[in-house]
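Chemist: whatever this is, show me its structure:
(one chain, ligands or ions: 2)
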Amino acid sequence: MDAALGAPEKMADRADELTPMMRQYFELCDAYDDSLVLFQVGDFYEAFCDAAERVSRLCEITLTKREDSTGQYPMAGIPIDNAESYIETLLDAGYRVAVADQVQEPEEASGVVDRAVTRVVTPGTLTEDELLRTDDNNFVACLASEGRSPSTSRPESDDGETYGLALLDVSTGDFYATSTDRQSAVADELGRFGPAEAVVGPDAPTEPFADDCMVTPHDQSVFAVEPARELVESYFGSPEGLLATDAEIRACGALLDYAEYTRGGESEGEGERGRLDYLNHLTRYDPREYMLLDAVALESLELFERRAVHGRAGATLVEVLDETACALGSRELKDWLRRPLIERDRIEARHDAVGELAGHVRTRERLHDRLRDVYDIERLISRVSRGRANARDLRSLKATLDVVPDIAEAMADCDCGKLRALRDDLDDLAEVRDLIGRAIRAEPPIEITEGGVIAEGYSAELDELRETERSGKAWIDSLEAQERERTGIDSLKVGQNSVHGYYIEVTNANLDAVPDDYTRRQTLKNSERFYTPELKAREDEIIQAEQRADDLEYRLFREVRETVAAESERVQALAETLAELDVLVSLATVAAKYDYARPAFTDESKVTRIDGGRHPVVERTQASFVPNDTHLDADDFFAVITGPNMSGKSTYMRQVALIQLMAQAGSFVPAADAELSLVDRVFTRVGASDDIAGGKSTFMVEMTELADILADATDRSLVLLDEVGRGTSTTDGLAIARAVTEYVHDELGSRTLFATHHHELTDAADALAGVFNLHFAADQRETEVSFDHDVRPGPAAASYGVEVASEAGVPDAVVERSRELLDAGDSSDTYEGINATNGHRPGAKTNEDAPAGDATNGDEPDADLAVTIREQNLATTTPMEALTLLQELQAELEE
Ligand code: ADP
Ligand code: MG
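Modeler: Ligands and ions are numbered 1, 2, ... in the order given. From the prediction side, this is the model:
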């Protein structure tokens, strides 16, 4: 982004020649030089000069001009009332937006009105509800690195740096920190949290960030250990014992500094400049405390996002599992899925709760129903703390607190430890609830400065002012009748307008009857307006009372808001409790609805015993699904899976990984029965050619990802290899597949499912103890192929590319010929072998005996095809390659 969005150099040089307001504008642009400054002028946010042109173009608003004594400036204005939607447009275009508000009443200003940046809106630090997804967190990350002597044990993966990573959701106050010695682990954690923005220091690498993550360089000095430590300490106490490395402290400190910077100088509310008082917890974790899901696994298992492979429609895991009732729960569910547990006790506590709720329909439904009335109190309390909450927010908090006792009551009979603990943690913050109930009106306006917010009976002073107002108005209401009687003018009217206040109106015809104490206020065409000393006195009284009441209300409101803010930690704890409960109810609902089973955990190693397992998403999105068993254990822990294209290999492997992941996240699983040993990490690698359409993977990517597995997998990991080694020549691919098999088997001992088109790999079962074969068969009646999607022991018998091609509609002639070639290929191993046997198409001319040009003869396209087909080395042709080839041949035939 350009250094000076709104303030070209020459403007700063001309500072003396500018009007005070324009000077103020350019100074703010200088101070926030990586942002686009929106500058409040009355009811608009204005941008000037270059920035005006951009804003005008992006937001499709008219470019105008501001003219003053010093010159002309292009200008574009956004109406403040509708600012958020324009700000969103600017964010989408890749800008950060610094909002400079008038922070002084124009009447109070001696010269130009004071303005200050009250917030910098950036993708990672959003707090505006309009700009946030309710069902997901919005993280900003900060990465700092720290030199260290590289470890000698794993030189291939160690660059001698320690990386500190901090992640903050400014809208909810969720704050995490971790560190690692490996850059790939940083990428994995980033993949988990999917930050929208990353703040980087002087020497942090920029590679690990996703394409859709805005990278923001921030003030270098705050990345130093000392200032960072001080800032962290000011929030959470001493970082010793809380944070593990200097890199972590630096990342957290710099991130806090950035978050404060985006809060601007002057918040409307109370508290120190820009401070985020609602940050009550900093959670330090070690990536190894959760099942590690690297970015590739998250993507290929389609937990949160669909992969756009071949434009196939479908759903994500979270969509299947999300039956939550409130925003708190839907965010929590994502957190459970992105950080599955690895401690058996914690997992089983969740399973107990899910089981209990799955069995008690009434309790479950009642809880779900009550939880629907729970507001997003996590974001709400952060608004309260930032001084951005209005009276409606406080009422929403109260409404939430009001259902807490109902929820506790619905849980009265809950029996398992987890549910009982949650019930005991339910805190309805009785004083807060009572305070809001007494202080804030039931249906308050959105504006908090114009009265109507504070309930009657809360403040005697306020009630008195209101009484004055009321009786004054009542007196005025009665004035008309009174004056008509006194003057005998029947058409006399009492009215009010905003300029002249209250008046008594008399038509011109009756002016003779006007008493002496009437003073003229305004002359109209057909009438005159008057006031009396008494009316004036009452009016002043009303206006004063009104003004004082509004001010008092605003003050009282802020006091209430501060009192509530002081309880932010308890509100956050309640939010957490409700969130967990909502997720458990949701998982129980899903378990009951889709007939999931409770998985059991065993201390035996490498056990995956799944009976009748299903893919949770595929079974929801297609008419019928064939359940499959999986039996892995210490003796048979490495399955080589063969079978034709489309027979179900990839689906099967992913279903095993998803079942493991769901189980460790606390969910029941789509299976008749499952017994599992804990897994520390799930790795998935998908061969490059599976992604032809996406054009994403290259062989290099594939091998880099593979290298990560080989470096990180353990004997407690679950590894899925789907057609690894496809992105290169067949010989290389097979060699790599073999080598990987041996390495994973011998060195890592990870539970592995390896789907491969390299039929040769099935030999590994004989050579390596622990390796065994599975296959998917095709049901080959006559020439049609159909798949039963049923996994069977042993290697697949044949390659079915031709039959698939036939199904796909490739012309019979081509299919026939392919089949002949295949048959020939079966009895021999090589292309030469095919030629040597009777591999020629009967009646077709060979190259040798064909006259030149004959093969391309338009009457005989088959001859041409025959040559191409004959040149194929079928021994090394994969089904996918065969299919692609046949498609090409078909295209040629159609020409
Ligand atoms: P492969 O990896 O062997 O090429 P996939 O796993 O991609 O095959 O499966 C191809 C299609 O078959 C899937 O998109 C799915 O629609 C269907 N399928 C896979 N497994 C099953 C199953 N167990 N029951 C029903 N349909 C299945
Ligand atoms: Mg596949």
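Chemist: how about the residues of this structure by ligand 1?
Modeler: Counting by CB under 6 Å from any ligand atom, the residues of the chain close to ligand 1 are 618, 622, 625-626, 628, 643, 645-651, 789. Where you see a C-beta, it was placed from the backbone N, CA and C, and this is true even at glycine.
Chemist: of those residues, list those near ligand 2.
Modeler: Among the residues of the chain next to ligand 1, the residues within reach of ligand 2 (CB under 5 Å from the ion) are 649-650.
Chemist: among the residues of the chain next to ligand 1, the buried ones, what's the ChimeraX command?
Modeler: Selecting only the buried entries of the residues of the chain next to ligand 1 in ChimeraX, with 16 or more other CB atoms under 10 Å as the criterion:
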select :618,625,628,643,645,646,647,648,649,650,651,789
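Chemist: from residue 87, how far off is the residue lying closest to residue 84 once chain neighbours are set aside?
Modeler: Leaving aside its sequence neighbours, residue 84 sits nearest to residue 130 (CB to CB, 6 or more residues apart in numbering; 4.5 Å). Separation of residue 130 from residue 87 (CB to CB, to the nearest Å) stands at 9 Å.
Chemist: which of these two has more neighbours?
Modeler: Set side by side, residue 130 and residue 87 show more neighbours around residue 87, with 24 against 10, by other CB atoms under 10 Å.
Chemist: put the alpha carbons of stretch 295-307 into CSV.
Modeler: Output in CSV follows, covering the C-alpha atoms of stretch 295-307 (Å, rounded to 0.1, in the frame of the first residue of the first chain):
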residue,chain,number,x,y,z
ALA,A,295,-3.4,-26.9,7.2
VAL,A,296,-3.5,-29.5,4.5
ALA,A,297,-5.6,-31.9,6.7
LEU,A,298,-8.0,-29.1,7.6
GLU,A,299,-8.5,-28.5,4.0
SER,A,300,-8.7,-32.0,2.6
LEU,A,301,-11.0,-33.2,5.4
GLU,A,302,-13.2,-30.2,4.6
LEU,A,303,-13.9,-29.3,8.2
PHE,A,304,-14.8,-25.7,7.6
GLU,A,305,-14.4,-25.1,3.9
ARG,A,306,-15.4,-27.0,0.9
ARG,A,307,-12.7,-27.7,-1.6
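Chemist: tell me the residue of the stretch 151-300 of the chain that sits nearest ligand 1?
Modeler: Of all residues in the stretch 151-300 of the chain, residue 300 sits closest to ligand 1, at 11.8 Å by CB to the nearest ligand atom.
Chemist: name the SS class of the nearest residue to that residue once chain neighbours are set aside, please.
Modeler: Nearest non-adjacent residue to residue 300, counting by CB to CB, 6+ apart: residue 684, 4.6 Å away. Look at residue 684: counting by DSSP: H, G, I helix; E, B strand; the rest coil, its state is strand.
Chemist: residue 684 contacts residue 298, correct?
Modeler: No. Using CB atoms under 8 Å, residue 684 is not in contact with residue 298, being 9.2 Å away.
Chemist: more neighbours: the two, which one.
Modeler: Legend: neighbour count by other CB under 10 Å for residue 684 and residue 298, higher for residue 684 (24 against 20).
Chemist: what count of nearby residues applies to residue 343?
Modeler: 12.
Chemist: what does residue 655 give?
Modeler: Here the number of neighbours of residue 655 (other CB under 10 Å) works out to 27.
Chemist: wait, it touches residue 613, no?
Modeler: Yes. With contacts counted by CB under 8 Å, residue 655 reaches residue 613, the gap being 5.5 Å.
Chemist: got any residues that touch both of those two?
Modeler: 628, 670 (CB atoms under 8 Å, 6 or more residues apart in numbering).
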